[in-house]
Every structure is written in structure tokens, then in C-alpha cells.
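Engineer: Show me how the following folds:
(one chain, ligands or ions: 1)
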Amino acid sequence: MTTSITPAPLEIHPRLASALPERLLHPGRLLWTPKELAELTGTAAAELATPLRRLLRFDAERRWWARLALTDGVEVWLLSWLPGQRTAPHDHGGAAGAFTVLQGELTEEYRYPGGPIRQRVHAAGRPIGFGPGRAHRVGNTFAAPAASVHAYSPPLVRTREYSSLADVPAEPPPVPVVLPR
Ligand SMILES: [Fe+2]
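Structural biologist: Numbers count the residues shown, from 1 in each chain. Take a look at the predicted model:
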């Protein structure tokens, strides 16, 4: 019996396969910093704006999203937001994250464990990265449809929802244990 070494799994949305260079995804990088995630979403929003807009859909019934890429270290998503659509308050279960608005504007209410609830408006093209402690509620409080590119590391960590940001526990979430796929 022989063993073989398989390359790190890398999945790219089929409609982005020719547009998203593999180098952007650093397939060998298993844990991304908030800064690296922010750069990834910023670069994707800037360099892939045309193919991303072709992929984009809006759904009045529920928020729309599509996974753009998945490696052992990172997942990347495209999300759309009609006016009034928003998430529940949540954290990312110990994963770090980032997003860049592709079009429109998004309002984020956020909180770090034990800290005050703050609010911020994110304009298009300005990446934001955050560590595992940030809980937030993101939504489109404006009149124009919005879209954004998001990345999380480690990938495939379950989010945790709260009824209110006031309910976010004072202890940050534990760092998730991620097993190779
Ligand atoms: Fe989030």
C-alpha cells in the first residue's frame, strides 16, 4: 500500500475560477490575522468588482450570500443587503473576520467582551478586520442596496447568535479547534 501527499484543498466558486488568483488565498496559510483578512477582502472587492457584481443577487425574502472560496485557512463570502436587511447579533465563535463593502453602505453595531456597544458606518472600499472577540449586528440602514465581501479564519466555525448585544458574555469565545478537512 502506498501513501500519497495531497495538496491543501482549495475551492473557488466556479464563476470566479478564472478571476480569483490562487495566490490571493495563500493556500498554505492556516491561520489568518485580522489584517491579512482585511487585505484579502479589500483586494477582492477592488480587483474582482466586475465578476462579483455579475455574481451578485438580491432577495427580498432573505439575505442572499454565496461562498467565493474555501481553503484550510480561510473562507470568503459575498453577501447582499437590501435596505432593512440585517443579521442577528452574533459573534464568529472564536474566528477572526473581516469585510469590505463592495457597494452601498453598511451599519455595524459591535461590542467586545465587557465593553460598550458602539456603532459604525462602513463605506465602500474600506476594509475592516477584527479579532475573535468582536460580536456585532450588521445591516443596511440606508436606501440603496448594498453588497460586501467577508472572510473568516479559521473557516467553517459556527457563529453564535444572541438576542441582543447586551447579552454577549464577558469572556471572549475560546479559540476553536480546527481539524484538517
Ligand atoms: Fe459577523
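
Engineer: Pull up the gap between the spatially most central residue of the chain and residue 66, please.
Structural biologist: For the chain, residue 150 is the residue whose C-alpha lies nearest the centre (CA atoms, centre = their mean; 2.5 Å). Applying CB to CB, to the nearest Å, the value for residue 150 to residue 66 is 11 Å. C-betas here are computed from N, CA, C, even on glycine.

Engineer: related to what we said a few turns ago, and the residue nearest to the centre of the chain, how far from residue 107?
Structural biologist: 15 Å.

Engineer: Any idea how many residues pack against residue 36?
Structural biologist: 18 (other CB atoms under 10 Å).

Engineer: Equivalent analysis for residue 47, please.
Structural biologist: 14.

Engineer: next one: residue 140
Structural biologist: So residue 140, with other CB under 10 Å, has 23 neighbours.

Engineer: shared neighbours, residue 150 and residue 66?
Structural biologist: 77-78 (CB atoms under 8 Å, 6 or more residues apart in numbering).

Engineer: which SS state does residue 126 fall under?
Structural biologist: With DSSP: H, G, I helix; E, B strand; the rest coil as the basis, residue 126 sits in coil.

Engineer: Can you tell me the strand partners of the host helix or strand of the residue nearest to the centre of the chain and which way each runs?
Structural biologist: For residue 150, the element it lies in under DSSP states H and E is strand 146-153. Partners of strand 146-153 in the sheet, by DSSP bridges, are strand 75-81 (antiparallel), strand 96-103 (antiparallel).

Engineer: Nearest to residue 174 among those would be which one?
Structural biologist: strand 96-103 (13.6 Å; CB to CB).

Engineer: what does the closest one contact?
Structural biologist: Residues from elsewhere that reach strand 96-103, judged by CB under 8 Å, 6+ apart: 32-34, 37-38, 40-42, 44-45, 49, 52-53, 56, 78, 106, 122-132, 134, 138, 144-153.
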